[in-house]
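Visitor: predicted structure and sequence below. I'll ask about it afterward.
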Amino acid sequence: MKVPLLDVTRIPADLQARLEARAIEVLRSGEYILGPAVSAFERDCERVLEVPHALGVSNGSDAILMLLMALGIGPGDEVIVPSYTFFATAGAVSRLGGTPVFADSCVDTLNLDPAQVSRLITARTRAIIPVHLFGLAADLAGLRSVAGELPILEDAAQSFLARYGGRPVGSIETAGAHSFFPSKNLGGFGDGGLVTTRDPAMAERLRILRAHGSEPKYHHAVVGGNFRLDALQAALLHVKLPLVEAELAGRRQNAARYAEAFAALSELRLPPAHPEHTYNQYVVRFPDRVTRDHVQRSLSQAGVGTAIYYPIPLHRQVCFADVAAGAVCPVADEAAATSLALPIFAALREDEQGYVVDSLRSALRPRG
């Protein structure tokens with residue numbers, strides 16, 4: 001049996017028909033840049049995310065970049081980011097000439113540790129970016145308690161409609177960045193993203209930055225970028241938006257099956273079984289790198305797709321060597337060496353998941 005880590009082509013026939021019909025509507029409309037398709041998607045995102053301002057943008061990486069631009073981050077400014085996450089979070093800070101300051105993660109959730117953040121805040125700190133990693137909300141209350149008045153930018157790229165205390169992430173703190181990369185819980189058909197905020201002044205700055213800083217047209221008081229979400233992407237995402245909760249329910253059901261099946265495996269550390277976790281990734285951890293790598297090879301030989309998120313923590317990336325020389329992040333180091341993502345998508349069949357479980361158990365049996 002072959003079991004992919006993710007199969008984005010498993011689209012029900014009725015949904016496929018609606019997507020194709022909507023795509024043809026946009027093609028025939030002639031309105032490809034912003035316009036009614038983008039506006040309608042944005043209004044419904046505001047509704048489901050419970051936030052007054054949502055703007056469709058080019059992708060999740062640009063969403064983070066735009067939030068930092070809206071805050072005026074530049075040379076000399078420090079922004080605290082987790083070391084254990086995708087590159088874009090810290091990359092955006094560097095692209096603006098700022099300095100990413102790498103903080104370690106909580107042992108249990110792998111999200112940004114407020115105690116570590118507290119130790120890294122200086123007079124030059126301008127913002128904090130927690131990532132709601134793998135679909136689980138970061139400890140926003142803990143981070144706010146140490147941040148004082150500093151802006152907190154929620155990186156919700158992996159956590160569309162994940163909740164913290166009952167509220168959708170990305171809508172709680174200063175602003176949020178979302179991604180519609182095809183592997184996300186609301187996955188598009190190419191790149192796409194969203195910025196969200198409760199602050200009308202920041203929303204206006206983001207709107208201007210999205211169109212090269214133009215306001216009014218051809219008048220530029222600031223330099224922005226081409227950060228627009230394509231109308232075709234917005235239209236297709238809008239068709240899928242009402243189905244996100246069903247996708248999350250499927251992922252939670254699959255996570256519960258894994259938790260039950262792996263309960264007796266003491267050498268396996270499972271992700272937190274939090275009811276508001278959306279499991280964009282289901283990442284387990286092993287006692288050491290040797291065991292993790294052996295299991296991944298065994299699963300690959302059995303036809304099971306897996307991935308390592310993330311094999312090198314950011315404070316050890318070559319491009320950050322000059323700014324991360326003093327960073328100490330043992331939890332990030334340990335997670336990078338021992339973590340492995342298993343198939344979790346909602347369309348994963350029960351027999352496929354059973355095969356993943358059997359294959360992993362077999363890989364962990366003592367080798368003669």
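Guide: Received the coordinates, thanks. Numbering: from 1, shown residues only.
Visitor: mind listing the strands for the stretch 1-150 of the chain?
Guide: In the stretch 1-150 of the chain, the strands defined using DSSP state E, counting those that start in this stretch lie at 53-57, 78-82, 99-103, 125-128.
Visitor: okay, those in JSON lines with mean pLDDT and mean neighbour count next?
Guide: C-beta coordinates here come from the backbone N, C-alpha and C atoms, glycine included. Output for those, formatted as JSON lines (pLDDT from 0 to 100; neighbours: other C-beta atoms under 10 Å):
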{"stretch": "strand 53-57", "mean pLDDT": "98", "mean neighbour count": "25"}
{"stretch": "strand 78-82", "mean pLDDT": "98", "mean neighbour count": "27"}
{"stretch": "strand 99-103", "mean pLDDT": "98", "mean neighbour count": "25"}
{"stretch": "strand 125-128", "mean pLDDT": "98", "mean neighbour count": "22"}
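Visitor: who's in contact with the most centrally placed residue in the chain?
Guide: With distances taken as C-alpha atoms, centre = their mean, residue 158 lies nearest the centre of the chain, 2.2 Å away. Contacts of residue 158 were listed using C-beta atoms under 8 Å, 6 or more residues apart in numbering, and they are 86, 131, 132, 133, 134, 135, 179, 184, 280, 281.
Visitor: now render the strands of the stretch 1-150 of the chain as JSON lines, adding distance to residue 345.
Guide: JSON lines is the format used below for those (distance: least, C-beta to C-beta, whole Å):
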{"stretch": "strand 53-57", "distance to residue 345": "24"}
{"stretch": "strand 78-82", "distance to residue 345": "25"}
{"stretch": "strand 99-103", "distance to residue 345": "30"}
{"stretch": "strand 125-128", "distance to residue 345": "31"}
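Visitor: of all those, which lies closest to residue 303?
Guide: strand 78-82 (33.0 Å; C-beta to C-beta).
Visitor: partners of that closest one, with directions?
Guide: Its sheet considered, strand 78-82 pairs with strand 99-103 (parallel), strand 125-128 (parallel) by DSSP bridges.
Visitor: contact partners of the shortest one?
Guide: Okay, so that is strand 125-128. By C-beta under 8 Å, 6+ apart, strand 125-128 touches 68, 71, 73, 77-81, 98, 101, 112, 117, 143, 147, 150-153, 174.
Visitor: same question, the longest one
Guide: Strand 99-103 is contacted from outside by 76-83, 89-90, 93-94, 112-113, 116-117, 120, 124-125, 313-315, 320, 323-324, 327, 329, 332, using C-beta under 8 Å, 6+ apart.
Visitor: just the buried subset of these, written out for ChimeraX, thanks.
Guide: In ChimeraX, this line selects whichever of the contacts of strand 99-103 come out buried by 16 or more other C-beta atoms under 10 Å:
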select :77,78,79,80,81,82,83,89,90,93,112,113,116,117,120,125,313,314,315,320,323,324,327,329,332
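Visitor: just the ones in helices from the contacts of strand 99-103, please.
Guide: Among those, DSSP state H puts 89, 90, 93, 94, 116, 117, 120, 332 in helices.
Visitor: which residues does the fourth one contact?
Guide: If a contact means C-beta under 8 Å, 6+ apart, then residue 94 has 100, 319, 320, 323 as its contacts.
Visitor: taking those together, which two end up most distant?
Guide: Top of the distance list for the contacts of residue 94 (C-beta to C-beta): 100 and 319, 10.2 Å.
Visitor: derive a PyMOL selection command for the buried subset of the contacts of residue 158.
Guide: Entered in PyMOL, the line below selects the buried ones among these, by 16+ other C-beta under 10 Å:
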select buried, resi 86+131+132+133+134+135+179+184+280+281
